[in-house]
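K.L.:
Mind looking at a prediction? Sequence and model below.
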Amino acid sequence: MGTDLHAPLGRNRKTGSRRPGVLRLGRIAASLCLFAIGGFSLYTAFRGDGLERKKTPATEQAAAPSSSTPQPAQTPAGQAADGMPRAEPRSGANVEQMVTGDGSVVTKYSPRPRDGSGPVLVDAMQVGQDPRMAALPNETLLEDSAYGRLPIVGPDGRRPMDQYARPSSGARGVRIAIVVSGLGLSQTGTQRAIAELPEEITLAFAASGNSLQRWMQEARRGGHEILLQVPLEPFDYPANDPGPETLLTSKPIARNIENLHKAMGEITNYTGIMNYLGGRFLSEPAAMEPVMRDIGKRGLLFLDDGTSAQSKTADVAKGTELPYAFADLQLDGQLNVDAILKKLDELERIARKNGQAIGIASAFDESVDAIAKWSEEASMRGIEIVGVAALSNDPNNP
């Protein structure tokens with residue numbers, strides 16, 4: 001048959017005439033152009049332009065090797081890094097304080113010209129520390145000593161009690177501070193207190209404790225304000241001996257200051273000192289005065305645990321301009337969760353009557369459990385739990 005219906009596909013077919021390879025020639029031309037462009041680019045990149053760039057004097061000076069290590073420019077005291085004069089927040093105000101008939105202090109502010117002319121940088125020092133840096137000390141608030149690094153007031157007037165204080169809302173409501181003391185004496189008890197207590201609770205570390213700097217850092221990372229407990233002479237000393245570095249009424253002033261500095265050098269980042277025992281010592285103004293004066297000049301507060309009815313803390317503190325506070329209630333005299341909860345309710349009644357109150361407890365398991373439980377419900381009753389520094393009697397901030 002003449003048909004190719006049954007012929008295998010692709011066989012015996014006529015080959016069609018193909019056009020010259022126009023497309024192939026175009027591709028070859030495009031490739032040559034690309035090679036030419038690339039070669040020219042490489043040539044111009046590695047060939048100098050024949051122009052000489054003259055260095056400016058500043059560039060030549062920077063490029064010249066220095067014969068000695070360059071010293072950073074010194075900023076004069078009272079000036080910012082850019083040379084602008086610094087001023088503290090009240091430098092443009094007259095501050096007058098008046099005592100009313102009921103004993104309260106009224107502070108009056110009125111404007112006045114600042115010294116000098118031109119703009120100034122007002123350093124409004126904030127209370128508290130950046131949480132990301134809370135475990136690290138402010139180096140300008142420390143000085144080296146034979147007993148370690150001791151707190152001092154910074155060159156700009158900043159105090160450790162301001163730097164390391166836990167910020168509060170400043171609202172005019174019911175405010176309560178709760179201090180859990182004795183941290184550092186028991187490793188498991190310290191770990192549990194830091195882990196389970198709300199960050200609003202103030203923690204007091206015993207100067208005779210162990211691994212204090214490590215525990216301090218954990219507490220500060222957790223948001224806690226901290227205090228340092230220093231052993232003071234009780235009435236029944238030496239039958240009741242707080243330890244070898246106890247401050248005693250019978251010791252010379254220099255020895256008591258030395259023991260105070262040994263305790264201070266154990267940790268950093270605390271807002272103040274709290275007594276451990278100390279009934280007799282706190283009743284002797286002659287022994288107290290130089291110690292309290294040293295605490296105050298270092299920008300710290302003093303918390304009296306309120307256990308001694310004969311304490312002269314208020315009188316001595318006022319005479320030395322020391323920020324101070326008194327505890328209103330011992331919360332865990334009876335180690336039972338229900339009993340401690342009742343004491344916390346009593347502390348709340350005191351705070352509602354006076355506007356504020358301070359409670360003290362030790363780092364026992366029962367105390368930690370009761371305080372953690374009570375604190376969860378306190379905010380719902382309109383109570384703000386604050387650090388001790390917020391409730392201190394501060395002569396600098398009446």
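P.N.:
Nice, thanks for sending it over.
K.L.:
All the helices of the stretch 101-250 of the chain, residue numbers only.
P.N.:
Ranges of helices in the stretch 101-250 of the chain, per DSSP state H, counting those that start in this stretch, are 160-163, 187-196, 212-221.
K.L.:
and Ser168, how many neighbours?
P.N.:
Ser168 has 18 neighbours, counted by other Cβ atoms under 10 Å. Every C-beta, even on glycine, is put in place using the N, C-alpha and C of the backbone.
K.L.:
partners of Val95 in the sheet?
P.N.:
With beta bridges defined as DSSP bridges, Val95 has these partners: Tyr109.
K.L.:
Between the helices of the stretch 101-250 of the chain, which one is closest to Leu347.
P.N.:
When the helices of the stretch 101-250 of the chain are compared by Cβ to Cβ, helix 187-196 sits nearest Leu347, at 18.4 Å.
K.L.:
Which strands or helices does that closest one pack on?
P.N.:
Here helix 187-196 touches strand 174-183, helix 212-221, helix 365-378, going by 3 or more Cβ pairs under 8 Å, 6 or more residues apart in numbering; DSSP states H and E.
K.L.:
hmm, 6 Å instead?
P.N.:
Where contact means 3 or more Cβ pairs under 6 Å, 6 or more residues apart in numbering; DSSP states H and E, helix 187-196 is packed against helix 212-221, helix 365-378.
K.L.:
which residues in the stretch 101-250 of the chain form strands?
P.N.:
Assigned by DSSP state E, counting those that start in this stretch, the strands in the stretch 101-250 of the chain fall at 105-111, 121-122, 142-145, 148-151, 174-183, 202-206, 226-232.
K.L.:
follow-up on the earlier one: can you check which of the helices of the stretch 101-250 of the chain gets nearest to Glu143?
P.N.:
The closest of these to Glu143 is helix 160-163. By Cβ to Cβ, the value is 11.5 Å.
K.L.:
Can you give me the buried ones in that closest one?
P.N.:
Within helix 160-163, the residues scored as buried using 16 or more other Cβ atoms under 10 Å are 160-163.
K.L.:
gap between the nearest residue to Arg112 once chain neighbours are set aside and Lys108?
P.N.:
Nearest residue to Arg112 in three dimensions, chain neighbours excluded: Asn94, at 4.9 Å (Cβ to Cβ, 6 or more residues apart in numbering). Remark: distance between Asn94 and Lys108 (Cβ to Cβ, to the nearest Å) = 8 Å.
K.L.:
now do Asn275
P.N.:
Taking Cβ to Cβ, one finds Asn275 at 36 Å from Lys108.
K.L.:
again, but for Asn396
P.N.:
Per Cβ to Cβ, Asn396 is found 17 Å from Lys108.
K.L.:
One more: Thr313?
P.N.:
From Thr313 to Lys108 the distance is 29 Å (Cβ to Cβ).
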